[in-house]
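Chemist: Please find the sequence and the predicted model below.
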Amino acid sequence: MTPVHVVVAGGGTAGHIEPALNLADALCAAVPGAVVTALGTAGGLETTLVPARGYRLELIPAVPLPRRPGRDLLTLPARLRGAIRAVRALLARERADVLVGFGGYVATPAYLAARGRVPIVVHEANARAGLANRVGARLTPYVAETVAGSLPRARLVGIPLRSEIATLDRTGRRDGARRALGLDPQRPVLLVSGGSQGARRINEAVRAAAPALVERGIQLLHVVGPRNTDQLYDGLPGYRTVGYVERMADAYAAADLMLCRAGAMTCAELAAVGLPAIYVPLPIGNGEQRLNALPVVEAGGGVLVPDAALGAGRVVSETLRLLTDPARLAAAGRAAAGFGRPDAATALVELVRQAAGMAEVEDEGT
């Protein structure tokens, strides 16, 4: 039997790439012989993330949508046609069975290239869908979402996660994870991260708050981000800064509380592992980060702090309010876990199988 060949389109940012790669892992585990090719552009993070996970990356021209009138807007149709031609050639050459799009610059030409040629699956990670996925959702009945209502006719599946996070036992792994990360197993831990690239504003506020928190017996594991290594600091015992954490499952297991942005992947992972958080949504874009965190916050699984309101005092007060009240912290963890969808990858694999006609073929043979 010819192996199923799936092309995933979700380049640009980690928020688009990581779910695509997690789906690829789950698909290859579930479907023997499955082949996955990723679409991307030369300027995206996919040039490092995709090969590192062992998948083939095919580059196409980037076609960002201009935000204001000008030459880029005038040349947009020609550039889009060029990208569509490149994707069509790839789909034909690879005999693709399904195209799975996750949004971003790569997804728009991919959807348009696949229309009428290859079945399309659309996955929306955010509470407010971007333009690419709004276009793609009009072209296929196979639409998945993470937050109910983000796209019409979508199936609520969640975000595909790495298996080590989807199956994480935080309690059982806590002591070992803390030791591995150089933390005291007996003291509470605040985990801080501004996302895959870090957030300087969060870093500055937490650095200023660290002495007061350490004085109250709280440890901090602060991931400043690979672009912010100038903010690394080693002058305060109990306050550990690192540029990057290779195994986020260990960081989640070590933590009692997290302070973070509210990207869709972060929100999904925290819910899956039941870790409450202080969310500081990125104050740009279309407000999707606030909407990503809002359901779990309204249920009691965390708190929202506007970026403009973040300072050392607010970091200290919100952290102490949770970490010094075990009952409140436990309730917040349970509330967060209520939104977890650790089976999202399995659900999305099933949707891909349906789009490829695999489920129907298997049913006929049973």
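Modeler: On my side now, so go ahead. Residues are numbered from 1 along each chain as shown.
Chemist: and the closest residue to Asp169 other than its chain neighbours, how many residues sit next to it?
Modeler: Computed as Cβ to Cβ, 6 or more residues apart in numbering, the closest residue to Asp169 that is not its neighbour in sequence is Ala253, at 7.9 Å. C-beta: built from backbone N, CA, C; applies to glycine. The local packing of Ala253 (other Cβ atoms under 10 Å) involves 26 other residues.
Chemist: Surely Ala253 touches Ala177?
Modeler: Yes - Ala253 is in contact with Ala177 according to Cβ atoms under 8 Å; the separation is 3.9 Å.
Chemist: So Gly10 versus Met258, what's the distance?
Modeler: 24 Å (Cβ to Cβ, to the nearest Å).
Chemist: Just give me the neighbour total for Gly176.
Modeler: With other Cβ under 10 Å as criterion, Gly176 counts 13.
Chemist: Tell me who's in contact with it.
Modeler: The contact partners of Gly176, by Cβ atoms under 8 Å, 6 or more residues apart in numbering, come to Ala253.
Chemist: What of Ala356?
Modeler: 4, 6, 97-98, 119.
Chemist: Now do it against Gly33, distance only.
Modeler: 13 Å.
Chemist: Which pLDDT value belongs to the residue nearest to Ala355 when sequence neighbours are not counted?
Modeler: Nearest non-adjacent residue to Ala355, counting by Cβ to Cβ, 6+ apart: Pro119, 4.1 Å away. Note on Pro119: pLDDT of 98.
Chemist: For my notes, confirm the residue nearest to Asp169 occurs in a helix.
Modeler: Yes - according to DSSP: H, G, I helix; E, B strand; the rest coil, the state of Ala253 is that of a helix.
Chemist: how near is it to Gly116?
Modeler: Per Cβ to Cβ, Ala253 is found 47 Å from Gly116.
Chemist: Could you do Val242 as well?
Modeler: 48 Å.
Chemist: Among the two, which residue is more densely surrounded?
Modeler: A count of neighbours by other Cβ under 10 Å puts Val242 above the other of Val242 and Gly116, at 18 against 8.
Chemist: which residues sit in contact with the more buried one?
Modeler: With contact taken as Cβ under 8 Å, 6+ apart, Val242 is in contact with 221-224, 232.
Chemist: Produce a PyMOL select command limited to the buried residues of those residues.
Modeler: To isolate the buried members of the contacts of Val242 in PyMOL, using 16 or more other Cβ atoms under 10 Å:
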select buried, resi 221+222+223+224
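Chemist: List just the nearest of the contacts of Val242 to Ile278.
Modeler: Nearest to Ile278, judged by Cβ to Cβ, of the contacts of Val242 is His222 at 13.3 Å.
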